[in-house]
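# Provided below are the primary sequence and the corresponding predicted coordinates.
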Amino acid sequence: MASYEEKLQQEAELWGSVDEANAATVPPDWRAHRHLRHNVISHTRDIDALLAQIQPGMKTLELGCASGWLTLAMAQRGADATGLDISEKSLQIARDYYEKVATETEGTTTYQRADLNRIELAPNSYDVIVTKGTLHHLVEMEHVIEQIYQALKPGGLFWINDSVGNSTLLTSLFAGGLMFILPTTVSYREKLGGLLKFGMRAPQRIRASMEAEGLSPFEGAGREHDWLKLVQERFIIEHQTRKPAVTGYLAHQISLPDAIALPLLRVIKVIDVALVKLRVLHSTSLVVYARKPV
Ligand SMILES: C[S@@+](CC[C@H](N)C(=O)[O-])C[C@H]1O[C@@H](n2cnc3c(N)ncnc32)[C@H](O)[C@@H]1O
């Protein structure tokens with residue numbers, strides 16, 4: 001079995017390659033990323049709402065900053081922004097890009113390599129700490145949340161966009177049904193073959209696929225730790241939104257031009273949101289605004 005250090009190295013390599021491939025087509029800049037299909041469908045409104053809270057001169061920290069686009073977006077709003085990640089390759093992409101846009105950026109960025117499971121942050125240092133898609137990869141959740149709490153200034157904002165818990169079989173079945181009907185990168189022949197091969201186990205297979213973005217050795221590791229409970233214990237929850245259950249996942253899978261995919265995904269999203277509200281589908285994805293008490 002791989003040691004913790006070996007798994008962390010795999011994690012860094014995995015996300016470094018993902019960011020390298022992405023940066024070859026889209027610069028690591030929110031002004032470009034906001035138009036990507038999965039962002040338009042799932043994230044653009046949330047990220048813009050977060051950025052609206054960033055004021056010039058604020059000190060911000062991003063945990064799991066990858067190629068740095070969100071840290072940079074906060075600097076573009078005038079923040080003194082730091083991004084931490086384990087992938088040196090991703091951080092280098094972030095630094096190289098920042099060099100290109102530094103003169104037109106109101107604030108500053110600093111990108112540093114750190115293992116978030118072992119971070120030691122200076123107390124009362126940040127106005128805002130953000131993390132997106134990263135907490136569920138971490139294993140020392142209690143330590144991480146405590147570090148964030150004490151590193152925020154009183155009244156500081158902790159913004160999280162992440163998944164918590166597991167999706168239900170019904171949710172996987174719904175996603176699987178739509179993926180079966182709609183064109184994806186998998187051919188209809190292969191889909192039919194998969195259905196015949198896995199039979200009654202097909203929903204479990206889809207659930208595994210929904211919960212395992214990429215091949216991260218830590219995928220799901222953090223899911224065992226309920227970050228939401230730890231955040232609720234310490235912070236004042238100002239706002240909490242449960243995202244649609246399957247639309248974000250589908251946005252990555254459907255292989256249709258944006259002109260067709262976007263309207264289709266918007267219709268699916270309306271149905272998805274209604275089914276989540278009716279508790280037919282279970283969404284694991286959350287956006288949380290948590291405030292450190294003054
Ligand atoms: C799913 S990606 C999300 C990236 C980015 N926040 C986004 O939403 O585009 C998870 C990120 O967390 C980083 N990461 C995972 N485990 C980490 C750890 N123990 N310490 C630091 N960074 C870690 C990975 O390198 C990767 O960049």
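Perfect, thanks for sending it.

# Tell me where this protein has helices.
4-25, 30-33, 37-42, 44-51, 69-76, 88-101, 141-151, 169-181, 188-198, 202-211, 227-234, 247-253, 258-277 (DSSP state H).

# With mean pLDDT, mean neighbour count and distance to the ligand as extra columns, can I get those helices in TSV?
In this view, the C-beta of every residue, glycine as well, is placed from N, C-alpha and C. Shown next, in TSV, are the helices of the chain (pLDDT from 0 to 100; neighbours: other CB atoms under 10 Å; distance: least, CB to the nearest ligand atom, whole Å):
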stretch	mean pLDDT	mean neighbour count	distance to the ligand
helix 4-25	95	16	4
helix 30-33	98	16	8
helix 37-42	96	19	10
helix 44-51	98	17	10
helix 69-76	98	26	6
helix 88-101	98	18	5
helix 141-151	97	19	9
helix 169-181	88	19	19
helix 188-198	81	12	26
helix 202-211	68	18	13
helix 227-234	96	16	13
helix 247-253	92	21	12
helix 258-277	96	15	19
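
# May I see the ones you listed arranged in JSON lines, with distance to residue 286 as well?
Output for the helices of the chain, formatted as JSON lines (distance: least, CB to CB, whole Å):
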{"stretch": "helix 4-25", "distance to residue 286": "21"}
{"stretch": "helix 30-33", "distance to residue 286": "21"}
{"stretch": "helix 37-42", "distance to residue 286": "12"}
{"stretch": "helix 44-51", "distance to residue 286": "10"}
{"stretch": "helix 69-76", "distance to residue 286": "17"}
{"stretch": "helix 88-101", "distance to residue 286": "24"}
{"stretch": "helix 141-151", "distance to residue 286": "15"}
{"stretch": "helix 169-181", "distance to residue 286": "15"}
{"stretch": "helix 188-198", "distance to residue 286": "30"}
{"stretch": "helix 202-211", "distance to residue 286": "15"}
{"stretch": "helix 227-234", "distance to residue 286": "7"}
{"stretch": "helix 247-253", "distance to residue 286": "12"}
{"stretch": "helix 258-277", "distance to residue 286": "11"}
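
# who's in contact with residue 263?
Residues near residue 263 by CB atoms under 8 Å, 6 or more residues apart in numbering: none.

# same check, this time on residue 81
60-62, 71-72, 74-75, 107-110.

# quick one on the thing from earlier: minimum distance to residue 117: which of the helices of the chain has it?
helix 141-151 (6.8 Å; CB to CB).

# Kindly reformat the contacts of residue 81 as CSV containing distance to residue 136.
As requested, the contacts of residue 81 are exported to CSV (distance: CB to CB, whole Å):
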residue, distance to residue 136
60, 22
61, 19
62, 16
71, 20
72, 23
74, 22
75, 26
107, 29
108, 29
109, 25
110, 25
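
# Kindly list the longest strand within the chain.
The single longest strand within the chain, with elements called by DSSP state E, is strand 152-163.

# For it, buried residues please.
By 16 or more other CB atoms under 10 Å, the buried positions in strand 152-163 come out as 152-153, 156-163.

# Out of those, flag the one nearest to the ligand.
residue 161 (7.5 Å; CB to the nearest ligand atom).

# picking that back up, run through the neighbouring helices and strands of the longest strand of the chain.
strand 126-132, helix 227-234, strand 285-291 (3 or more CB pairs under 8 Å, 6 or more residues apart in numbering; DSSP states H and E).

# Indicate which one of these is closest to residue 8.
strand 126-132 (17.3 Å).

# so what's the nearest residue to residue 57 once chain neighbours are set aside up against?
Take residue 57 and drop its neighbours on the chain: the residue closest to it by CB to CB, 6 or more residues apart in numbering is residue 78, 6.4 Å away. Residue 78 makes contact with 54-58, 106-107, according to CB under 8 Å, 6+ apart.

# any idea which of those residues has the most stuff around it?
Most neighbours among the contacts of residue 78, by other CB atoms under 10 Å: residue 54, with 22 neighbours.

# Just give the nearest non-adjacent residue to residue 273, would you?
Leaving out its chain neighbours, the residue that sits closest to residue 273 by CB to CB, 6+ apart is residue 244, at 5.4 Å.
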